[in-house]
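>>> Provide a 3D model corresponding to the input given below.
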Amino acid sequence: MTRILKNYAYCGDRRVHYITAGNGPPLVMFHQSPRSASEYVPLIEEWAKYFTIIAPDTPGYGQSDPLEITEPDMTDIAHAQMTFLKTIGITQFAAYGYHTGSTIALTIAGLYPKAVNRFVMNGFSVLSKEEKESFLKEYLPPFQPDWSGSHLAWLWSRYREQLIFFPWYAKNNSSRMPYDIAPLDILHQQVLDHLYAGDAYRSAYGAAFAFDKKSFQSKVTSPALIMAAPPDPLTAHLDRLSDMPENFELVRPENRDDGHAVALEYLRKTDLPKLKNFHINSNTKKPNKAKTWREYFGQENNLHCLVTDYGKTRVLVIHDILQSSNSLKSLIGTLADAEYEVIAPDLPGHGLTNILSDTFIEELTNNLDAADKLPDYILTIGQSAAMGPQLKKAFQTAKLINFDFFKPASEKSEAFTQNYMPDMTAQKYGGHLLTGWSFLRMKNLFWPWYEEKKENIIPAHPDSQPHVLQTGFVALMQTTKVGYQLARQLLHSAVTDKHEVDISVCPDWVKTRNDIALGSDNIVFYDSETNGHTALVELLNSLSDK
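As a prediction, the model looks like this:
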């Protein structure tokens, strides 16, 4: 089985996420828009037998930061990708690109002719003036979260209909395509990649549409292969190519599998030396100035964390179920500003962590112990409270604090465990997206969220803004079957079992409810007009001073 690792590199303060696998000559793979490098995993599993593969997320896509340029062009993106490659020690390579990735590969080959040994462009658009104007005007509407969730209804339809029409906005018979609608799991991943990019999805897409490929071909000196296979609509664009340089070769594979075989054969002609046991340079693992950053660690680099590196007092933060460390950016930023060192892992099946639940605490403790970063405090958020006692057992000297955890009185606990988690099973026409969005909205307006009665009204949470809900929604969409299994276990245990905790921190509105049981006798209440982060820091300061 191919060992595929995920990594981050930091180019200054800009985060670049990438996948690597294999031990052969270096092959860099550039993905289409608005996807991420994860779309290449099936191909990487096959091609890693022959190459050391590096597949970065394009700036602004996947987990890579966007460029600090309002409207980057293709040369900006190419320079940024080359800076990343140099940062991790890759200066010569073969390249493979698909759609937008083809344009990125072409641009790098023209800007850095000594860097690219040979490359393949799979899907190469050649737009007329009228098509280019139409694409730039219609193809990339702004993507802004809306309180109603209407942006999600559009998003699901957009990815279904891109397999019905090309371009997707042209709803007519001449634009129909011979595709099956993608399976729900594929649609889910496509939508998730778009959610990762947000409105930045337009950047590389727009840059590729606007880029003048024809004039750039003459700058390329390395061997290049252009191809497209049915039913890719860009297959028809091969007929528009003419007067290509002698180092360019054009092929027409019969289908996608044939196209991959042709590309592999062409790329294997590279004469670059093999890279053995390639690893990220240690000095690229954190940004120059940013207070927080992300890391992978663990035996297979599959445990994902948001971390800071400030202060001598360490706080291990465990996010709420169906969320991720990324949904705690505001809280972690507040702790970092107060000079607390934070380690915030994604739970198994949540966020970007891809390990089984029964290995999570062992992986976490082994890595923190090896790095001499044992926590002084364990902070659990919401219904992850049941994880606290297990962590307390592993880190015996740490104080355990529950934040925003309270549970229903015993007579309502069964209904709570049955109804708390929404059914996010993917639905053909995207109804699950609106279910998830409503879950997050109502959590900030009613307790319990699924009983929208006047007696269950709570003060509107100050973070009830569409852009904040969007971060939580992305985390909800990331949760896998492993994550839901763990969430059910933690929810049931948190609601039904009694756990020892040092201190609980809760909003003051819970004092007005007689249907709520608090998980501790030692409680600090905060003003529900705030998000409680300042109150938490004040508590930690007082405990640290003792």
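>>> K312: neighbour count?
9 (other Cβ atoms under 10 Å). Backbone N, C-alpha and C define where each C-beta goes, glycine included.
>>> Quick one: residues contacting the closest residue to it other than its chain neighbours.
Nearest residue to K312, sequence neighbours excluded (Cβ to Cβ, 6 or more residues apart in numbering): E341, at 7.3 Å. With contacts taken as Cβ atoms under 8 Å, 6 or more residues apart in numbering, E341 has the following neighbours: V307, T308, D309, Y310, G311, K312, T313, R314, V315, K373.
>>> cool, and L192?
Contacts of L192 by Cβ under 8 Å, 6+ apart are V474, M477, Q478.
>>> one more time with 7 Å
Listed by Cβ atoms under 7 Å, 6 or more residues apart in numbering, the contact set of L192 reads M477, Q478.
>>> do Y18 as well
N7, A9, A37, I54, A55, P56, D57.
>>> Spell out the secondary structure type for it.
What DSSP: H, G, I helix; E, B strand; the rest coil gives for Y18 is strand.
>>> That one and K285, how far apart?
As judged by Cβ to Cβ, to the nearest Å, Y18 and K285 stand 13 Å apart.
>>> repeat for L152
35 Å.
>>> which of those two has more neighbours?
L152 (22 against 16).
>>> re earlier: and the residue nearest to K312, its phi and psi?
phi -80, psi 130 (degrees, to the nearest 10).
>>> who does it bridge with?
E341 has these beta-bridge partners by DSSP bridges: R314.
>>> Just the ones in strands from the contacts of Y18, please.
Among these, the members found in strands (DSSP state E) are N7, A9, I54, A55, P56.
>>> what residues are up against the fourth one?
When contacts are counted by Cβ under 7 Å, 6+ apart, A55 touches Y18, I19, M29, A37, Y40, I44.
>>> could you redo the last one with a cut-off of 8 Å?
So A55 contacts Y18, I19, T20, V28, M29, F30, H31, A37, Y40, I44 (Cβ under 8 Å, 6+ apart).
>>> Pick out the one among those with the largest number of neighbours.
Result: F30 is most packed of the contacts of A55 (other Cβ under 10 Å), 30 neighbours.
>>> ok, the closest residue to that one other than its chain neighbours - contacts?
In space, and not counting its chain neighbours, F30 is closest to G101: 3.3 Å by Cβ to Cβ, 6+ apart. Listed by Cβ under 8 Å, 6+ apart, the contact set of G101 reads M29, F30, H31, Q32, T58.
>>> Pipe the residues you listed into a markdown table and attach secondary structure per row.
Shown next, in a markdown table, are the contacts of G101 (three-state DSSP):
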| residue | secondary structure |
| --- | --- |
| M29 | strand |
| F30 | strand |
| H31 | coil |
| Q32 | coil |
| T58 | coil |
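>>> From the contact counts, what lies against the lengthiest helix in the chain?
Secondary structure of the chain per DSSP state H: the longest helix is helix 481-496. Under the contact criterion of 3 or more Cβ pairs under 8 Å, 6 or more residues apart in numbering; DSSP states H and E, helix 481-496 touches helix 357-370, strand 406-408, helix 413-419.
>>> average pLDDT across it?
In this model, helix 481-496 has a mean pLDDT of 96.
>>> got the contact list for that helix?
Under Cβ under 8 Å, 6+ apart, the answer for helix 481-496 is 321-322, 347-350, 356-357, 383-387, 405, 407-408, 413, 416-417, 420-421, 424, 479, 499, 519.
>>> Output stretch 234-254 as CSV, nothing but the C-alphas.
The C-alpha coordinates for stretch 234-254 follow below in CSV (Å, rounded to 0.1, in the frame of the first residue of the first chain):
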residue,chain,number,x,y,z
LEU,A,234,-11.7,20.3,-23.6
THR,A,235,-11.1,17.4,-26.0
ALA,A,236,-12.7,19.6,-28.7
HIS,A,237,-10.2,22.3,-27.9
LEU,A,238,-7.4,20.2,-29.3
ASP,A,239,-8.7,21.0,-32.8
ARG,A,240,-8.0,24.7,-32.1
LEU,A,241,-4.3,24.1,-31.6
SER,A,242,-2.0,25.1,-34.5
ASP,A,243,1.6,26.1,-35.1
MET,A,244,2.9,24.5,-31.9
PRO,A,245,6.6,24.5,-31.1
GLU,A,246,8.6,21.4,-32.1
ASN,A,247,9.0,20.4,-28.4
PHE,A,248,5.2,20.1,-28.0
GLU,A,249,3.4,16.8,-28.7
LEU,A,250,-0.3,16.4,-29.1
VAL,A,251,-2.1,13.1,-28.4
ARG,A,252,-5.8,12.1,-28.3
PRO,A,253,-6.4,9.2,-25.8
GLU,A,254,-9.5,7.2,-26.2
